[in-house]
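*Asks:* Sharing a model prediction with you, sequence too.
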Amino acid sequence: MESPGASTRRARWLGAGCLAALVACSAPADSLVACSAPGESPDVEPGVLVITADRVFDGRGGVLEERGVVVHEGRISAVLPLADLPDAAPRLDFPGGSILPGFVDTHVHLDWHFGEDGRLARGAPPEQSALHAVENGIRMLEAGFTTIQSLGSPVDGPVRDIIARGVVPGPRIITSLGSLSARTGGPDAMRAEVERLANRGADAIKIFASESSRDGGGPTLSQEQLDAACGAARERGLRTLVHAHGPVSASRAAEAGCTTIEHGSLLDQATLDLLAERGLFFDPNTYLIVANYLEQKERYLGIGNYTEEGFALMEANIEGRMEVFRNGLATAELRVVFGTDAVAGAHGQNIREAFARVEQGGQAPEDLIVALTSLAAESLELEDEIGTVAEGYVSDLVVVEGDPAADVRALGEVRLVVRDGRLHWLRDPGS
């Protein structure tokens, strides 16, 4: 039996066949033009679809009331008042809902997974890791994340490419295909590894410049090593993402002209000021990474540096991480982006990071939405393509139930995801 109010929440279609086209997980928008009512000759271009909700968040801090988004051939062709929308186009209405740009997570580990024994899998065959990466990507797409940056495994490359070809559903993947660390060697070896990864098709370069937080977070690379790595990446037109927990490693990365500091869980105000002054992005991975580790402790404990002592260090610094995040928000001109460091157990739960940033970190929901969309896109150098609901942008869209500016947890109530013009139903529109 239909629940009370379900009929008012149901997405409205012109014609009978459209719902079936969408329910099949991933239907291209240009297949929907045939769904107009029998005998109708739509006076619209092929491939046009209209999506409406009570409000549209443009991703840059603006909120438009009583607007609809017109999608055409994978792009947003217009954002119009309801009265100006093309009447004959296939249409989805979401009363009470909100339309936002597709969410962006700037730091995940796409292929991390638990093995058949329920424990963290290490050294799994590439084909097995690739299948888990596809599965993890679908989970994140269904949660509204249409673009992710995976830092990074060689199997990310073929998964990135098969999703880009439209063979399987998934988010847009940006990947480093590997990483540099103290084990890479001196400055010459750093430059050579950057060249190797660039030649293999890496979209960015990941650099470990400090220990893990489980080992204390101390620096592991010299200024000369970071100068070499980030300099070589710039010469190849690639961004650099630097794992740096403490002030020394982050400051060296800033001096080397690197792009983004990842984690920064032990940073002081002077270092945050330096990052802002040098124009780096800051991706603090404030909540989900530790929460997931603690929730999944028995599945990690005893593997590598996942020790009782390491877990105790992470747990002891929970409030410290949040305080660094608050200080980062208060630092003038510092661009704090959205990333989760999602590992095994966390894929698809990425939006929990957003809840914590607002509810515990004090970030305004409107600012959180910008960090989650246009600012994250800017950090990926994709700000002219994604992260914004405006004419000409790629049609990466998320429809959620409710108003996330009033209640950030509305971001977890995803009704529809559109990725590059392909529609992904997460709920029956009558539910």
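*Replies:* In hand now; what should we look at? Residues are numbered from 1 along each chain as shown.
*Asks:* Now stretch 88-105: buried residues?
*Replies:* 88-94, 97-105 (16 or more other C-beta atoms under 10 Å). Where C-beta positions appear, they are placed from N, C-alpha and C, glycine not excepted.
*Asks:* which SSE is I205 in?
*Replies:* Assigned by DSSP states H and E, I205 belongs to strand 204-208.
*Asks:* again with G217
*Replies:* Counting by DSSP H and E, G217 is found in no helix or strand.
*Asks:* that older thread, the helix or strand just after the strand holding I205 - contacts with which helices or strands?
*Replies:* Using DSSP H and E, the next helix or strand after strand 204-208 towards the C-terminus is helix 223-235. On a contact count with 3 or more C-beta pairs under 8 Å, 6 or more residues apart in numbering; DSSP states H and E, helix 223-235 meets helix 187-200, strand 204-208, strand 239-244, helix 247-255.
*Asks:* and of the ones you listed, who's closest to V63?
*Replies:* Evaluated over those, closeness to V63 peaks at strand 239-244, with 30.3 Å, by C-beta to C-beta.
*Asks:* The closest one - which strands sit beside it in the sheet, and in what orientation?
*Replies:* Applying DSSP bridges to the sheet, strand 239-244 is found paired with strand 204-208 (parallel), strand 260-263 (parallel).
*Asks:* Name the residues that touch that strand?
*Replies:* Applying C-beta atoms under 8 Å, 6 or more residues apart in numbering, the set of residues contacting strand 239-244 from outside is 107, 149, 151, 176, 179, 204-210, 219, 226, 229-230, 233-234, 249-250, 252-253, 258-264, 283, 379-381.
*Asks:* go again using 7 Å as the cut-off
*Replies:* With contacts defined as C-beta atoms under 7 Å, 6 or more residues apart in numbering, strand 239-244 is touched by 151, 176, 204-210, 229-230, 233, 250, 253, 258-264, 381.
*Asks:* Going by neighbour count, which of those residues are buried?
*Replies:* Among these, those classed as buried by 16+ other C-beta under 10 Å are 151, 176, 204-210, 229-230, 233, 250, 253, 258-264.
*Asks:* model confidence over stretch 201-221, on average?
*Replies:* Averaging pLDDT along stretch 201-221 gives 95.
*Asks:* want to throw the strands paired with strand 239-244 into JSON lines with distance to L275?
*Replies:* Written out in JSON lines, the entries for the strands paired with strand 239-244 read as follows (distance: least, C-beta to C-beta, whole Å):
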{"stretch": "strand 204-208", "distance to L275": "15"}
{"stretch": "strand 260-263", "distance to L275": "6"}
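*Asks:* closest one to H113 among those strands?
*Replies:* Checking the strands paired with strand 239-244 against H113 by C-beta to C-beta gives strand 204-208 as the closest, at 19.2 Å.
*Asks:* quick one: which helix or strand includes the residue lying closest to K297 once chain neighbours are set aside?
*Replies:* Leaving aside its sequence neighbours, K297 sits nearest to F311 (C-beta to C-beta, 6 or more residues apart in numbering; 6.1 Å). Using DSSP H and E, the element containing F311 is helix 308-316.
*Asks:* Just the buried positions in that helix, please.
*Replies:* Neighbour-count burial for helix 308-316 flags G310, F311, L313, M314 (criterion: 16+ other C-beta under 10 Å).
*Asks:* after it comes which helix or strand?
*Replies:* From helix 308-316, the next helix or strand downstream (DSSP H and E) is helix 318-330.
*Asks:* check contacts around the residue most central in space within the chain.
*Replies:* By C-alpha atoms, centre = their mean, the mean C-alpha position of the chain lies nearest to D105, the distance being 1.9 Å. Counting by C-beta under 7 Å, 6+ apart, D105 makes contact with M140, F145, I148, F338, G339, T340, A342, N350.
*Asks:* Against R409, how distant is it?
*Replies:* For D105, the distance to R409 (C-beta to C-beta, to the nearest Å) stands at 18 Å.
*Asks:* What of A83?
*Replies:* 32 Å.
*Asks:* who's more crowded, those two?
*Replies:* Neighbour count, other C-beta atoms under 10 Å: between A83 and R409, R409 has more, with 16 against 7.
*Asks:* Quick check, pLDDT for the more buried one.
*Replies:* Model confidence at R409, given as pLDDT, is 98.
*Asks:* now do D87
*Replies:* 87.
*Asks:* do A124 as well
*Replies:* Looking at A124, the pLDDT reads 90.
*Asks:* Once you drop chain neighbours, what's closest to it?
*Replies:* In space, A124 is closest to G115, 6.9 Å off (C-beta to C-beta, 6+ apart).
*Asks:* again with A364
*Replies:* Leaving aside its chain neighbours, A364 sits nearest to V358 (7.5 Å; criterion: C-beta to C-beta, 6+ apart).
*Asks:* what does D273 give?
*Replies:* T331 is the one closest to D273 (C-beta to C-beta, 6+ apart), at 6.3 Å.
*Asks:* May I have stretch 372-383 as PDB, with CA atoms only?
*Replies:* Only the C-alpha atoms of stretch 372-383 are listed here, as PDB (Å, rounded to 0.1, in the frame of the first residue of the first chain):
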ATOM      1  CA  LEU A 372      32.000  19.500  -1.000                       C
ATOM      2  CA  THR A 373      31.300  20.700  -4.600                       C
ATOM      3  CA  SER A 374      32.900  23.800  -6.300                       C
ATOM      4  CA  LEU A 375      35.900  24.200  -4.000                       C
ATOM      5  CA  ALA A 376      36.800  20.500  -4.200                       C
ATOM      6  CA  ALA A 377      36.400  20.700  -8.000                       C
ATOM      7  CA  GLU A 378      38.800  23.700  -8.000                       C
ATOM      8  CA  SER A 379      41.400  21.700  -6.000                       C
ATOM      9  CA  LEU A 380      41.200  19.100  -8.800                       C
ATOM     10  CA  GLU A 381      41.500  21.800 -11.500                       C
ATOM     11  CA  LEU A 382      38.100  20.900 -12.700                       C
ATOM     12  CA  GLU A 383      36.300  24.000 -11.600                       C
END
